[in-house]
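Asker: What follows is a protein structure lacking sequence information:
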């Protein structure tokens, strides 16, 4: 379904140092009703500034970015804006990365090789239940 921005839309800020990845995610989310990408960041420093200015509902961030990495940004955002849901979108699938992200405030972890429908599922899940983990990650955490 086509996204129609409304007062009840889930407001998302994307952070990834790869323009093509951000553009692709934004294009996929533009087709999801009730989800609106309100800003994009190329690194953790830019992400922190955007969150302070816009206070989104969800931040979807990569871990590996130049300047300030995603884990450090997550930690700072969680401290200053604990109401913002922090969702990692990464190619790193080791339990260590997941545990570090969660320990610093992430409430979800989505693999970059996940099927597109998982983007919506992850965003809606972190908003409704407070967490989401890609099935492949969840199995490793058990």
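Answerer: Now that the structure is in, tell me what you want to look at. Please read all numbers here as calculations on a predicted model, not as lab measurements.
Asker: What ranges does the chain have for its strands?
Answerer: For the chain, the strands defined by DSSP state E cover 10-15, 35-41, 58-61, 85-90, 108-111, 132-133.
Asker: who wins for proximity to residue 49 among these?
Answerer: Closest to residue 49 of those, according to Cβ to Cβ: strand 35-41, at 7.9 Å. No exception for glycine: its C-beta is placed from N, CA and C like everyone else's.
Asker: what angle do that closest one and strand 10-15 make?
Answerer: Angle of strand 35-41 versus strand 10-15, following axes from the mean of the first three to the mean of the last three Cα atoms, to 10 degrees, is 30 degrees.
Asker: count of residues packed around residue 57?
Answerer: Residues lying near residue 57 (other Cβ atoms under 10 Å) number 18.
Asker: returning to that earlier point: select, out of the strands of the chain, the one closest to residue 98.
Answerer: strand 108-111 (5.0 Å).
Asker: by contact count, what packs against the closest one?
Answerer: Contact partners of strand 108-111 among helices and strands, from 3 or more Cβ pairs under 8 Å, 6 or more residues apart in numbering; DSSP states H and E: strand 85-90, helix 95-103, helix 117-128, strand 132-133, helix 135-141.
Asker: can you rerun that using 7 Å?
Answerer: Packing contacts for strand 108-111, counted by 3 or more Cβ pairs under 7 Å, 6 or more residues apart in numbering; DSSP states H and E, involve strand 85-90, helix 117-128, strand 132-133, helix 135-141.
Asker: returning to what we had before: could you dump the strands of the chain to CSV with mean pLDDT?
Answerer: As requested, these are exported to CSV (pLDDT from 0 to 100):
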stretch, mean pLDDT
strand 10-15, 98
strand 35-41, 98
strand 58-61, 98
strand 85-90, 97
strand 108-111, 96
strand 132-133, 96
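Asker: Which among those is found nearest to residue 69?
Answerer: strand 58-61 (9.4 Å).
Asker: Pull the distance from that closest one to the chain's centre.
Answerer: Between the centre of strand 58-61 and the centre of its chain there are 2 Å (Cα atoms, centre = their mean, to the nearest Å).
Asker: Thank you kindly, that will do.
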